[in-house]
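*Asks:* Sequence first, then the predicted structure, then my questions.
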Amino acid sequence: MRQLFFYILLLYVTSVSAQMMQDTTAFPNLRNKIKDQDFFIKNNPSNPKPYMRRAECKFELNDFKGSLEDYTRAIELDPKSDLVYSKRSNVKFTVGDYVGAISDLDEAIRLNPHDITHYYNRGRAYYKLNDYTNVVRDFTIFVNGTDPKAYAAFKLPSVYSCIGEAKLNLGEFEEAITYFNKSLELAPSRSGDYYMRGHARWELQDYEGAITDDSWALKLDSTIVDAYNDRGLSRYNLKKYPEGLQDLNAAIRLDSTYIRAYNNRGLIYTELKKYKEAERDFRKLITAQPDSALGYCALGNLRSIENNYKEALSWYEEALKRNSRDFSSWYGKAYVYYKSGDLTQALNDYNKSIELNKTNAGAWYYRGLVKLDMKQYEEALSDFNSAIQINPYGVDAYRGRARAYEKLNKPQQAAADEKRAKLIEKQYGKP
């Protein structure tokens, strides 16, 4: 999945029971407060509360080591306090010990499973670890248990948005949209949520919907580079090349180092047959990311379109030197061998591309063509079936399957596929 625009800022929260602690705001400064707690600890070293207060002061002074030590001592004195575990987890979270923070919050929840702020804070730590399944679980518990009146400080739109982003990363795009809808219903000015909902719609190939959401995001915040890039890519997929080009130009004007925009603009230039401009953008990818396969593969694709198969093959090989698991380079390399008549090598490379990415309908389709030429008609039929299952609107796959049916002496099925292909072309045009 592409890198997402980071929008959500979640604040660490503690139990409302923390309000029961002594208010020390009247003290002149934090260091004087620490001296006061030193006095209380000296006179009553078995009382956990002064350790907690001193830990809070040390935390404010960025003395995280001292804060952890005091919270740990408070826990030793009062191991049944969920609040102390929660506060110590906050310090661990701040220093980047997310696993440790989760461990403390696990104990806080064991001691007091009814305090929903523990789930909120644990969900935030899981978010830092990219553990999106647990993010969804904990934030959902928090949302379901939240009383807006009692927890007025919590901003539910942010939580809904975070669940939506987690769903997005889990590939649960329709559910992600549901949560972004909830966030925007409560706070319709959240530009990032429009952007991320658009991303979910893009993943579902709802390019018009994605364009609408990206447009709303940019109306609210015209500096979201990702939104220009994504809207340009959606317009590319809808073959609205001039509009897409405008978006990608805007993205590059905002951030001249934004590599993905150069790649996507190069794709549009290629469709517009502006090959010099496309090559210029693709070479920028190589200059910026010489160890990435992306730019080399893009130049291979460009040379392949120009029917310069020898040079295309060399670019694909350069890409695979940098990333032997780049399925796009295996796919492009296989096509070059197919067009050059080397069916055995084409078959091997399509096999590799499919092994690395089973959702690329094109690889299944072209491997089907290779197998047709190798007279492996049953296997070709199976590949065309897979291509159609992935993309039921792929005209070429229906026509390929029709050819396989003809070779297998199944004229009725062949005729049905030809009819289906013509109907798709009439309704949607040829992809």
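*Replies:* That came through, no problem.

*Asks:* in the stretch 301-431 of the chain, what spans have low per-residue confidence?
*Replies:* 429-431 (pLDDT under 70).

*Asks:* and residue 404, backbone torsions?
*Replies:* Main-chain dihedrals, residue 404, degrees, to the nearest 10: phi -60, psi -40.

*Asks:* how about it, what does it touch?
*Replies:* 368, 372, 377, 380-381, 384 (Cβ atoms under 8 Å, 6 or more residues apart in numbering). The way it works is simple: take the backbone N, C-alpha and C, and place the C-beta from them, glycine included.

*Asks:* Counting neighbours, which of those comes out on top?
*Replies:* residue 384 (30 neighbours; other Cβ atoms under 10 Å).

*Asks:* element containing that one, please.
*Replies:* helix 377-390 (DSSP states H and E).

*Asks:* OK, contacts around the closest residue to residue 390 other than its chain neighbours?
*Replies:* Spatially, and ignoring its direct neighbours in sequence, residue 390 is nearest to residue 361 (4.0 Å; Cβ to Cβ, 6 or more residues apart in numbering). Counting by Cβ under 8 Å, 6+ apart, residue 361 touches 386-388, 390-391, 394, 397.

*Asks:* Farthest pair within the residues you listed?
*Replies:* The two members of the contacts of residue 361 with the most space between them (Cβ to Cβ) are 386 and 394, at 10.8 Å.

*Asks:* When these two are compared, which one has more neighbours?
*Replies:* Taking other Cβ under 10 Å, residue 386 and residue 394 do not tie; residue 394 has more neighbours (23 against 20).

*Asks:* Give the phi and psi angles for residue 257, as a check.
*Replies:* According to degrees, to the nearest 10, residue 257 has phi -100, psi 10.

*Asks:* Grab the nearest non-local neighbour of it.
*Replies:* What sits nearest to residue 257 in space, not counting adjacent residues and going by Cβ to Cβ, 6+ apart, is residue 288, at 7.2 Å.

*Asks:* what sits against the one you found?
*Replies:* 257, 259, 262 are the contacts of residue 288 under Cβ under 8 Å, 6+ apart.

*Asks:* Could you turn the buried ones of the residues you listed into a ChimeraX selection?
*Replies:* To isolate the buried members of those in ChimeraX, using 16 or more other Cβ atoms under 10 Å:
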select :259,262
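
*Asks:* Go ahead and confirm residue 353 touches residue 326.
*Replies:* No. Counting by Cβ atoms under 8 Å, residue 353 stays clear of residue 326, with 9.3 Å between them.

*Asks:* picking up where we left off before, helices or strands up against the helix holding residue 384?
*Replies:* Packing partners of helix 377-390 (3 or more Cβ pairs under 8 Å, 6 or more residues apart in numbering; DSSP states H and E): helix 361-373, helix 395-407.

*Asks:* And the helices in the stretch 251-400 of the chain, which stretches?
*Replies:* Applying DSSP state H, counting those that start in this stretch to the stretch 251-400 of the chain gives helices spanning 259-271, 275-288, 294-305, 309-322, 327-339, 343-356, 361-373, 377-390, 395-407.

*Asks:* got any ranges where the stretch 151-300 of the chain has weak pLDDT?
*Replies:* Applying pLDDT under 70 to the stretch 151-300 of the chain picks out residues 151-154.

*Asks:* how does the protein divide into domains?
*Replies:* Per automatic domain parsing, the structural domains of the chain span 1-154, 222-275, 289-357, 365-431.

*Asks:* Please name whichever of those is nearest to residue 193.
*Replies:* Closest of the domains of the chain to residue 193 is domain 1-154, at 7.0 Å (criterion: Cβ to Cβ).

*Asks:* next one: that closest one to chain centre, how far?
*Replies:* When distances are taken as Cα atoms, centre = their mean, to the nearest Å, domain 1-154 is centred 29 Å away from the chain's centroid.

*Asks:* Kindly report the same for stretch 417-431.
*Replies:* 33 Å.

*Asks:* And for stretch 189-207?
*Replies:* Worked out by Cα atoms, centre = their mean, stretch 189-207 lies 12 Å from the chain centre.

*Asks:* I'd like the numbering to begin with 49 instead of 1 from here.
*Replies:* Noted, 49 is the first residue going forward, which turns the last one into stretch 237-255.

*Asks:* For that stretch, could you pull out the residues that count as buried?
*Replies:* For stretch 237-255, a neighbour-count test (16+ other Cβ under 10 Å) marks 238-251, 254-255 as buried.

*Asks:* Stretch 344-361 now?
*Replies:* 344-352, 357, 360-361.

*Asks:* more neighbours, residue 401 and residue 374?
*Replies:* Set residue 401 next to residue 374 and count neighbours by other Cβ under 10 Å: residue 401 wins out with 26 against 22.

*Asks:* so what's that one up against?
*Replies:* Contacts of residue 401 (Cβ under 8 Å, 6+ apart): 375-376, 378-379, 382, 408, 411.

*Asks:* a markdown table please, covering those residues and showing distance to residue 314.
*Replies:* Below are the contacts of residue 401 laid out as a markdown table (distance: Cβ to Cβ, whole Å):
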| residue | distance to residue 314 |
| --- | --- |
| 375 | 19 |
| 376 | 14 |
| 378 | 20 |
| 379 | 17 |
| 382 | 22 |
| 408 | 20 |
| 411 | 22 |
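
*Asks:* Of all the residues in the longest helix anywhere in the chain, which ones are buried?
*Replies:* Selection of the longest helix in the chain by residue count, based on DSSP state H, yields helix 459-476. Of the residues in helix 459-476, 462, 465-466, 468-469, 472 count as buried by neighbour count, 16+ other Cβ under 10 Å.

*Asks:* Now do that helix and helix 425-438, the angle between them.
*Replies:* Using axes from the mean of the first three to the mean of the last three Cα atoms, to 10 degrees, the inter-axis angle of helix 459-476 relative to helix 425-438 is 30 degrees.

*Asks:* Quick one: residues in contact with helix 459-476.
*Replies:* 441, 443, 446-447, 449-451, 453-454.
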